[in-house]
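In: any chance you can model this:
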Amino acid sequence: MQRAVDPTKLEFLSQVYKRKDEAHLLESAQKYLTTLHKVSDILSRASSVEALFDSILSAILEVASGDRAAILMRNKETGSVDLVALRTRDGKPAGAVTVSRSVVNDVLEKGISAFTDDAMADDRYVGGESIVRQKIRSVMCAPMRTTDEILGVLYVDSQQAREFSEAELELLAAVGNQAGIALHRARLMAEVERLFLDVMKAIASIIDAKDGYTHKHSERVAAFGVRLAQHLGFDADSRAVVELSGLLHDVGKIGVPDAILNKPGKLTDEEFKEMRLHPIHGARILSNIQSQKVISLLPGVKYHHERWDGKGYPEGLRGEEIPLLGRVLGVADFLDALTSDRSYRKGLPLEEALQMVRDLEGQAFDPVVVKAAVELHAKGELALPSTPNPGVQAEPTPVAAPPATTNS
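Out: Next comes the predicted model:
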């Protein structure tokens, strides 16, 4: 059976309204609306395109009584229809999915929803070896659409004949409508996220270009920070915050005069006082961006120069008064400052730098974060790929290692 279903008209519910004296129809209508509400809630909580695919499959199996659910997406570049997600109700391996090309084409080109009561006796599935091998009998397809286009197909099948009804087909079409809009929104959000990250990286590049001694310093601090965060058990969202905060931890150096920032010799007390203001400058600059994501990374920007013993800056916080993000980036920043080549010295080997971090455990750095760094190094997972600094002389003169509180 093929049907053009308009999910916005709720035809099934219209029939219920006309025959409202029949209790079983009212019960079905209640289930229909409850299911749609639940599906809407599931889709609204998906945080990424991948998570959305998983949510859509959950919604399909919630709606239909089939054994397997799948999502097939139109590939605009090749013109093919690709399987992007597949799940079985019992969690077992799903095997191959064979769909009728004519059915899928009708769904994609005409927006027609379709189901078959017995695929083994349906001419549209003739020659489908997996249909026979997997004993697939009932199949149902509906378009996944936005207001402007059809993105793909929702598919569900069963080994039982006559498994699906017109009401289920209409419900699947309604899910396809919600899923298409949710997917379109998720893709737009992903593009915004990529744009946001690219802008943050551009800002980090501007900072590093302003400070001639710290080529790609912000990127390496972010990379060190993410590795430490992952070892400490941070979830994916929290690791993303660590990465962004690492990229922007020195954004406040925009407010430091170039003569101080690039001074080759030792800073005067007054100059050092000015340099120590860069975490405050950074937090103030970023606080102008009204975004929860930016607000979440401010503790790393503002507090990465605080010390465990309270002798850091800008506020002299001690111990666990320092936000964890600041403690993680403090170690990451110090490691990169020691291991990077500068125009006035050669970077230290990671082993030596890590030993200096260990020597400062409980003084400058949180013992828990230091332990994470040591364990990562023991597994060979702490070191970063070397990045040559174009501003570094070929054979720099070695000097003493920097103090426990660096200005990098």
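
In: for the rest of this, base every contact and every neighbour count on C-alpha atoms.
Out: Fine.

In: following the longest helix along the chain, which helix or strand shows up next?
Out: Scanning the chain for the helix with the most residues, using DSSP state H, yields helix 166-210. Using DSSP states H and E, the helix or strand that follows helix 166-210 in sequence is helix 217-231.

In: starting from that following helix, tell me the next helix or strand along the chain.
Out: Counting by DSSP H and E, the next helix or strand C-terminal to helix 217-231 is helix 236-248.

In: so which elements touch that following helix?
Out: In this structure, helix 236-248 packs against helix 166-210, helix 217-231, helix 292-303, helix 324-339, with contacts taken as 3 or more C-alpha pairs under 8 Å, 6 or more residues apart in numbering; DSSP states H and E.

In: change it to 10 Å
Out: On a contact count with 3 or more C-alpha pairs under 10 Å, 6 or more residues apart in numbering; DSSP states H and E, helix 236-248 meets helix 166-210, helix 217-231, helix 278-286, helix 292-303, helix 324-339.

In: any idea of the angle the longest one forms with helix 217-231?
Out: So the one you mean is helix 166-210. Counting by axes from the mean of the first three to the mean of the last three C-alpha atoms, to 10 degrees, helix 166-210 lies at 130 degrees to helix 217-231.

In: got the angle between helix 166-210 and helix 236-248?
Out: 20 degrees.

In: for the helices and strands packed on helix 236-248, which one sits closest to residue 361?
Out: helix 324-339 (10.1 Å; C-alpha to C-alpha).

In: residues of the helix or strand just after that closest one that come out buried?
Out: Using DSSP H and E, the helix or strand that follows helix 324-339 in sequence is helix 350-359. The neighbour-count check on helix 350-359 (16 or more other C-alpha atoms under 10 Å) flags 350, 353, 354, 356, 357, 358 as buried.

In: name the nearest residue to the last one, ignoring sequence neighbours.
Out: Leaving aside its chain neighbours, residue 358 sits nearest to residue 370 (6.5 Å; criterion: C-alpha to C-alpha, 6 or more residues apart in numbering).

In: what is the burial count for that neighbour?
Out: Neighbours of residue 370 under the rule other C-alpha atoms under 10 Å: 23.

In: so which strand or helix has it?
Out: If you go by DSSP H and E, residue 370 is part of helix 367-378.

In: name the helices or strands packed onto that helix?
Out: Helices and strands touching helix 367-378, by 3+ C-alpha pairs under 10 Å, 6+ apart, are helix 217-231, helix 324-339, helix 350-359.

In: taking helix 350-359 as reference, get the angle to it.
Out: Counting by the same axes, to 10 degrees, helix 367-378 points 160 degrees away from the direction of helix 350-359.

In: begin at 19 from here
Out: All right, first residue 19 from here; so that's helix 385-396.

In: dump the helices and strands packed on helix 385-396 into TSV; add distance to residue 169 and mean pLDDT as well.
Out: Below are the helices and strands packed on helix 385-396 laid out as TSV (distance: least, C-alpha to C-alpha, whole Å; pLDDT from 0 to 100):
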stretch	distance to residue 169	mean pLDDT
helix 235-249	35	94
helix 342-357	40	95
helix 368-377	50	94
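
In: with distance to residue 288 added, can I get these in a markdown table?
Out: Shown next, in a markdown table, are those (distance: least, C-alpha to C-alpha, whole Å):
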| stretch | distance to residue 288 |
| --- | --- |
| helix 235-249 | 25 |
| helix 342-357 | 22 |
| helix 368-377 | 28 |
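
In: of all these, which lies closest to residue 394?
Out: Closest to residue 394 of the helices and strands packed on helix 385-396 is helix 235-249 (C-alpha to C-alpha; 7.4 Å).

In: tilt between that closest one and helix 342-357?
Out: 130 degrees.

In: quick one: list the elements packing against the strand or helix carrying residue 172.
Out: Assessed by DSSP H and E, residue 172 sits inside strand 168-176. Strand 168-176 sits against helix 67-81, strand 86-92, strand 99-106, helix 119-128, strand 130-134, strand 156-163, helix 184-228, with contacts defined as 3+ C-alpha pairs under 10 Å, 6+ apart.

In: lowest-confidence stretch among those?
Out: If these are sorted by mean pLDDT, helix 119-128 sits at the bottom with a mean of 77.

In: what residues sit buried inside that helix?
Out: For helix 119-128, a neighbour-count test (16+ other C-alpha under 10 Å) marks 121, 122, 124, 125, 126 as buried.

In: over to stretch 378-396?
Out: 378-385, 387-392, 394.

In: for those, which one is nearest residue 275?
Out: Top of the list for closeness to residue 275, among the buried residues of stretch 378-396 and by C-alpha to C-alpha, is residue 382 at 27.1 Å.

In: give me every residue that touches the residue lying closest to the closest one once chain neighbours are set aside.
Out: Nearest residue to residue 382 in three dimensions, chain neighbours excluded: residue 325, at 4.4 Å (C-alpha to C-alpha, 6+ apart). Shown in contact with residue 325 (C-alpha atoms under 10 Å, 6 or more residues apart in numbering): 331, 333-337, 340, 344-345, 348, 378, 380-384, 422-423.

In: and this protein, what are its domains?
Out: Following automatic domain parsing, one gets these domains for the chain: 20-205, 229-396.

In: mind putting those domains in TSV, distance to residue 213 included?
Out: As requested, these are arranged in TSV below (distance: least, C-alpha to C-alpha, whole Å):
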stretch	distance to residue 213
domain 20-205	12
domain 229-396	13
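
In: for residue 220, find the nearest of those.
Out: Among the domains of the chain, the nearest to residue 220 by C-alpha to C-alpha is domain 229-396 (9.5 Å).
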